[in-house]
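Q: sequence and computational prediction follow.
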Amino acid sequence: MRISVIGCGYLGAVHAACMAELGHEVIGIDVDQHKIDTLAAGRAPFFEPGLPELLTSAIGSGRLSFSTDIAAAAGAAVHFVAVGTPQLGDSNAADLRYVNEAIAALLPVLRPDDVVAGKSTVPVGTAARLAAIVEPTGATLAWNPEFLREGFAVQDTVAPDRLVYGVRPGDEASVAALDAVYAAALANDTPRIVTDYATAELVKVSANAFLATKISFINAMAEVAEATGADVTQLADAIGYDARIGRRFLNAGLGFGGGCLPKDIRGFMARAEELGVDQALTFLREVDAINLRRRDRMVELATEVVGGDVAGKRIAVLGLAFKPDSDDVRDSPALDVAVKLAELGAIVTATDPEAVETSRRLRPELTYVSTAEDAVAGADAVLLLTEWSQYRELDPVALTSLVSVPAILDGRNCLDPALWRAAGFSYRALGRP
Ligand code: UGA
């Protein structure tokens, strides 16, 4: 099947490569020449495990190519729109500029019976509006939200846990086209839900809102644990054994960041307000507030640990990405904490296995080093802010001779307190004694 993918960011590049690997003939399109050149050379413009190998193999097979020219999308039966929908600078709402531009650019390329499949996360109501623009060409519009996680993007795309198609009622042709695209996943009994546009759009934002709520719930419990001496990690284990609750996404710590959860809950609230149902989502304001409070709490803890004032203190920051196995620092809690401490006068030395360059681009004022050992040298406190496996496995005994003061702050509740204490470190964490 011939497929085009408009927008080659975290979502589009992975989708294009995976679809080609599954046997389709794919053209990936993006307005960013540098990104296209990088992808065409078989390199991933961002860190995503498995993607470089997939790009090399798919390009080598002749089934995957890239272009900045939208005309190259002509002849594809399904055109996936996977451009970004970031938060607007001056409000909580999503910026739909790139989606609107992508659809407008596609119009001259579309033939009757082509399917435009939206993948971007959009405010409910967007698909119906775009369908009215697309349909005069004879093409149809479907909304096919994406649930991939960064760090597991290849696996999530090749073997998704569900497929959701939002189509016009009775639009069997779009359903058949998407079924052909996802034939491999469907053959493995992947659940498939065919629904209307509004439901498909809402599935995506409500899934992210639920995940964000789950994380903020446990972080709220961490706040209570801090006031009572309880241990939020044991609490999460204990409630997580209840299958109705489940242990996943109950890791208390610095909270959620990234290019999706934070902006999606804000965009959802903004849309609910436009729809006159803002009360239904006021709880998401709390979810956001709890999440952001964790970052302040980490700064407070660091201040306490170094004796009440961070100014002039050497603070090592381990981890900058919004989560491990990613170089993404969009709305990263770790980078945010590092910047806040530097603003308070701390001498921050930060490192991350993959996210130093992306952090430097955003925050050139911080000092970056390439190894944990260099970061902790002479430190008055060590902050573990992203739970990369190499940081979880650090040997506290080996670090004691490097630091100035053996103090560790575990921002992700991922270390064994007994081990660090036995090595002579003071151990502090969020929601854990
Ligand atoms: C999220 C969703 O999980 C995906 O299903 C969705 O497709 C994607 O957004 C999207 O909308 O594109 P992602 O942003 O890659 O995926 O990251 P998550 O794995 O959801 O993690 C988000 C944040 O929550 C990270 O900062 C992570 O450290 C934090 N988190 C996660 C916690 O603080 N505690 C947890 O227990 C789990």
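A: In hand now; what should we look at?
Q: and the strands in the stretch 1-150 of the chain, which stretches?
A: Assigned by DSSP state E, counting those that start in this stretch, the strands in the stretch 1-150 of the chain fall at 2-6, 25-29, 64-67, 78-81, 115-118, 140-143.
Q: helices and strands around the last one, which ones?
A: Helices and strands touching strand 140-143, as assessed by 3 or more C-beta pairs under 8 Å, 6 or more residues apart in numbering; DSSP states H and E, comprise strand 115-118, helix 126-134, strand 163-166, helix 172-181, helix 197-228. For the C-beta atoms, the positions are set from N, CA and C on the backbone; glycine is no exception.
Q: the fourth one vs strand 2-6, what angle?
A: Okay, so that is helix 172-181. Inter-element angle recorded for helix 172-181 and strand 2-6: 90 degrees (by axes from the mean of the first three to the mean of the last three C-alpha atoms, to 10 degrees).
Q: what residues sit buried inside helix 172-181?
A: Residues of helix 172-181 classed as buried by neighbour count (16 or more other C-beta atoms under 10 Å): Ser174, Val175, Ala177, Leu178, Asp179, Val181.
Q: again with the longest one
A: Of all the residues in helix 197-228, those buried under the rule 16+ other C-beta under 10 Å are 197, 200-205, 207-209, 211-223, 225-226.
Q: now do the second one
A: Of the residues in helix 126-134, those with enough neighbours to count as buried (16+ other C-beta under 10 Å) are Thr126, Ala127, Ala128, Leu130, Ala131, Val134.
Q: what does the pLDDT read for the first one?
A: With respect to pLDDT, Thr126 scores 98.
Q: wait, a strand at Leu409?
A: Yes. Assessed by DSSP: H, G, I helix; E, B strand; the rest coil, Leu409 belongs to a strand.
Q: pretty sure it is touching Thr303, no?
A: No. Using C-beta atoms under 8 Å, Leu409 makes no contact with Thr303, being 10.6 Å away.
Q: which residues of the stretch 151-300 of the chain lie near the ligand?
A: For the stretch 151-300 of the chain, the residues found near the ligand under the criterion C-beta under 6 Å from any ligand atom are 208, 211, 215, 249-251, 253, 255-258, 260-261.
Q: 5 Å instead, please
A: Contact residues (C-beta under 5 Å from any ligand atom) of the stretch 151-300 of the chain with the ligand: Ile215, Phe249, Asn251, Phe256, Gly257, Gly258, Cys260.
Q: of the residues you listed, buried ones?
A: Ile215, Phe249, Asn251, Phe256, Gly257, Gly258, Cys260.
Q: so which of those residues belong to helices?
A: Ile215 (DSSP state H).
Q: could you dump the buried ones among the residues of the stretch 151-300 of the chain next to the ligand to CSV with pLDDT?
A: Listed next are those as CSV, based on pLDDT from 0 to 100:
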residue, pLDDT
Ile215, 98
Phe249, 98
Asn251, 98
Phe256, 98
Gly257, 98
Gly258, 97
Cys260, 96
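Q: ok, which residues in the stretch 1-150 of the chain are in contact with the ligand?
A: Phe147, Arg149, Glu150.
Q: just the buried residues from those residues, in ChimeraX please.
A: Selection of buried members from these for ChimeraX, criterion 16+ other C-beta under 10 Å:
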select :150
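Q: ok, now which ones touch the closest residue to the ligand within the stretch 301-433 of the chain?
A: Residue of the stretch 301-433 of the chain nearest the ligand, by C-beta to the nearest ligand atom: Lys323 (3.8 Å). The contact partners of Lys323, by C-beta atoms under 8 Å, 6 or more residues apart in numbering, come to Glu150, Gly151, Gly257, Gly258, Thr386, Glu387.
Q: isn't the last one right next to Pro324, touching?
A: It refers to Glu387. Yes. Here Glu387 reaches Pro324: they are 5.5 Å apart, a contact under C-beta under 8 Å.
Q: what's the pLDDT at Glu354?
A: 97.
Q: residue contacts, it?
A: Phe47, Ala321, Asp325, Ser326, Asp327 are the contacts of Glu354 under C-beta under 8 Å, 6+ apart.
Q: 10 Å instead?
A: 46-48, 320-321, 324-329, 386, 388 (C-beta atoms under 10 Å, 6 or more residues apart in numbering).
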